[in-house]
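Trainee: okay, here's the prediction I keep looking at, along with the sequence it came from:
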Amino acid sequence: MAKKRRQRTKNATPSTTPSPTPKQGRRSKTAWKLMDRSTTLAATVAAPVLAGGAWRLVTGRKPPTSSDNPEVEIREAIGWAIVGGALVQVVKVAVRRQTAQYWVASTGHLPPGMKAVKGDLMAKEVAEAKAEHTASTRKKKQKKR
């Protein structure tokens, strides 16, 4: 049985990203959770403001505050629900994706708990993002000197 286990580990393909040590793994998980939750909170706060601004821009009126009020037309209430809900989700997705891209550029691997969807293609993108981040950091340090 031990022989089979050794053979499996010998034949296994090497990981495309370096695996962190257990202590680094805990730290990175905590850091990712903090980044992810704080950016989600910021997006949650900013999204209704953006949705209200978009509503005012399109309709010229304030968004309905109470969509269950019978004085608000059904079309307006449904429209606000669609626009507001969609914009909130779009802002959240955009902010979370930017946070994940920053994580990849900074660390060279995907955030903890996130699995690569495209395999080797993702490994190339991670390497390119890491190289780009390193180059921009070097330029900033050179400017400071």
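Mentor: Cool, got the structure.
Trainee: where is the longest helix in this protein?
Mentor: The helix spanning the most residues in the chain, taking DSSP state H as the definition, is helix 22-59.
Trainee: immediately after it, which helix or strand?
Mentor: Past helix 22-59, further along toward the C-terminus, the next helix or strand under DSSP states H and E is helix 74-107.
Trainee: who does that following helix touch, helix- and strand-wise?
Mentor: For helix 74-107, the contact count by 3 or more Cβ pairs under 8 Å, 6 or more residues apart in numbering; DSSP states H and E identifies helix 22-59, helix 120-144 as packing neighbours. Backbone N, C-alpha and C define where each C-beta goes, glycine included.
Trainee: distance of the residue positioned nearest the centre of the chain relative to residue 128?
Mentor: Nearest residue to the geometric centre of the chain (Cα atoms, centre = their mean): residue 96, 2.4 Å. Counting by Cβ to Cβ, to the nearest Å, the gap from residue 96 to residue 128 is 21 Å.
Trainee: looking at the helices and strands packed on helix 74-107, which is nearest to residue 73?
Mentor: Shortest separation from residue 73 across the helices and strands packed on helix 74-107 is recorded for helix 22-59, at 11.5 Å, computed as Cβ to Cβ.
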